[in-house]
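K.L.:
compute the structure for the input listed below.
(one chain, ligands or ions: 1)
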Amino acid sequence: MRAVRPSDLVAPALGGALFALIAGLVAGRAGGLAAGTSVGLGVWLVVLGWALRRPLRRLRVARRALPAAAGEWIEAHGRRYGPLDPARRQRVARAVAFALDGLTFEGAGGAEATPELRLSVAAGAALLLHGRPDWELPTERTVLLVPDTFDEAYGDEEPGVYDGMVHHQGPIVLSTRAVQDGWAYEDGHNVVLHELAHVFDFEGWEADGVPSFLDPRSAEAWTTLMRKEMRRAERGQGILRSYAASAPAELFAVATEQFFERPARLRNHHPELFEALVAFYNLTPPDEPELGAGESLMSRRWS
Ligand SMILES: [Zn+2]
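P.N.:
You can find the predicted model right below:
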């Protein structure tokens with residue numbers, strides 16, 4: 001994950017220069033060459049200073065050491081990121097740092113945005129993004145943590161049916177219990193990965209199951225594949241839960257959960273979908289461990 005992309009610098013430099021030229025010409029016509037030059041230069045510096053705030057902030061975040069707890073979290077859940085050689089570890093750590101810095105966390109209904117929960121969300125963002133250094137989650141998002149399942153009027157007393165929800169431009173709402181369960185079991189359910197996958201979708205005009213980062217040339221084949229997999233999920237074929245059949249966006253989000261949690265099973269049962277996700281995320285997740293004798297995937301509460 002790059003701290004600063006060339007486009008972060010080139011666009012404001014050129015745009016600022018154009019503004020500066022216009023302002024300088026106007027000022028020069030009224031006050032002469034010296035006035036025009038100083039006004040133009042001043043405008044250019046103001047525009048540059050404004051545009052460079054974010055890249056400079058990211059450079060500072062990239063240089064700052066990651067909190068010890070974050071390092072421990074990556075270590076504990078590192079298997080999912082693949083072999084953590086120094087280069088990959090640095091990429092993941094940086095993605096976690098950017099997500100921690102960029103997202104705003106709030107607790108509601110008695111839930112508290114603890115450092116552990118913040119990390120659980122930021123590390124999910126890092127998992128999705130670490131294969132694509134040029135991708136970024138939109139940083140203006142707020143993550144609202146609520147204690148348990150909720151309904152449309154989250155924060156209500158009554159338990160609802162959702163573990164997570166994301167609005168087009170609103171907050172990402174997550175049940176803290178579901179966030180903790182999501183990372184505790186590699187069972188193909190991870191509400192953080194699910195809702196963040198929706199965020200990719202919402203970058204376009206609508207959540208249509210065609211993520212905004214997808215190469216437009218692949219969009220048609222992608223849509224065809226999502227529709228085919230929806231029909232399979234509806235018939236109970238394969239390993240995707242039936243919820244995936246409810247919309248292309250849900251198919252993509254549910255498949256993303258499986259891709260990072262149980263990639264070997266996804267590859268075996270949905271090879272075409274697996275390959276599409278490998279190409280999209282630009283990484284191949286390491287196979288999940290095989291179940292030992294006596295272990296059961298049904299050991300967690302299913303909801
Ligand atoms: Zn969903």
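K.L.:
when you work out contacts or count neighbours from here on, use the C-alpha atoms and nothing else.
P.N.:
OK.
K.L.:
where in the chain is pLDDT low?
P.N.:
Residue ranges of the chain with pLDDT under 70: 1-3, 138-139, 153-159, 203-207, 291-303.
K.L.:
can you pull out the strands in it?
P.N.:
104-107, 142-146, 164-166, 172-175 (DSSP state E).
K.L.:
how far out from the middle of the chain is the first one?
P.N.:
In this case it means strand 104-107. When distances are taken as CA atoms, centre = their mean, to the nearest Å, strand 104-107 is centred 16 Å away from the chain's centroid.
K.L.:
tally of neighbours for Gly36?
P.N.:
Look at Gly36: counted by other CA atoms under 10 Å, it has 22 neighbours.
K.L.:
so Gly16 is in contact with Trp44, correct?
P.N.:
Yes. Contact criterion CA atoms under 8 Å: Gly16 and Trp44 qualify, at 5.1 Å.
K.L.:
any figure for the gap between Gly32 and Gly131?
P.N.:
54 Å (CA to CA, to the nearest Å).
K.L.:
which of the two has more neighbours?
P.N.:
Legend: neighbour count by other CA under 10 Å for Gly32 and Gly131, higher for Gly131 (21 against 13).
K.L.:
got the phi and psi for that one?
P.N.:
Main-chain torsions, Gly131, degrees, to the nearest 10: phi -90, psi -10.
K.L.:
contacting residues for it?
P.N.:
Counting by CA atoms under 8 Å, 6 or more residues apart in numbering, Gly131 touches 281-283.
K.L.:
contact partners for the residue nearest to Glu275 when sequence neighbours are not counted?
P.N.:
Counting by CA to CA, 6 or more residues apart in numbering, Glu275 lies nearest to Arg267, which is 7.8 Å off, once chain neighbours are set aside. Arg267 makes contacts with 273-275, as judged by CA under 8 Å, 6+ apart.
K.L.:
of the residues you listed, which belong to helices?
P.N.:
273-275 (DSSP state H).
K.L.:
of those residues, buried ones?
P.N.:
Buried by 16 or more other CA atoms under 10 Å: 273-275, out of the ones in helices among the contacts of Arg267.
K.L.:
nearest to Gly78 among the residues you listed?
P.N.:
Comparing these against Gly78 with CA to CA places Phe274 closest, at 20.9 Å.
K.L.:
how much space separates the residue nearest to the closest one when sequence neighbours are not counted from Ala253?
P.N.:
Counting by CA to CA, 6+ apart, Arg267 is the residue found nearest to Phe274 once chain neighbours are left out, at 5.3 Å. The gap separating Arg267 from Ala253 is 16 Å, by CA to CA.
K.L.:
and if you look at Leu18?
P.N.:
According to CA to CA, Leu18 stands 42 Å off from Ala253.
K.L.:
specify which residue of the two has the higher count of neighbours.
P.N.:
Each of Leu18 and Ala253 has its neighbours counted (other CA under 10 Å); Ala253 has more, 25 against 15.
K.L.:
now do the contacts for the more buried one.
P.N.:
Counted by CA under 8 Å, 6+ apart, Ala253 has contacts 193-195, 197-198, 244.
K.L.:
at 7 Å instead, please
P.N.:
194, 197-198 (CA atoms under 7 Å, 6 or more residues apart in numbering).
K.L.:
which one of those residues has the most neighbours?
P.N.:
Of these, with other CA under 10 Å as the count, His198 tops at 26 neighbours.
K.L.:
hang on, the earlier thing: let's have the strands of the chain in TSV, adding distance to Val96 and mean neighbour count.
P.N.:
Output for the strands of the chain, formatted as TSV (distance: least, CA to CA, whole Å; neighbours: other CA atoms under 10 Å):
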stretch	distance to Val96	mean neighbour count
strand 104-107	14	18
strand 142-146	15	23
strand 164-166	20	22
strand 172-175	17	24
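K.L.:
quick one: closest of these to Glu152.
P.N.:
Glu152 lies closest to strand 164-166 among the strands of the chain, at 8.9 Å (CA to CA).
K.L.:
check contacts around Glu257.
P.N.:
Contacts for Glu257 (CA under 7 Å, 6+ apart) come out as 188-190, 193-194.
K.L.:
try 10 Å
P.N.:
Contacts of Glu257 were listed using CA atoms under 10 Å, 6 or more residues apart in numbering, and they are 182, 186-195, 197, 240, 263.
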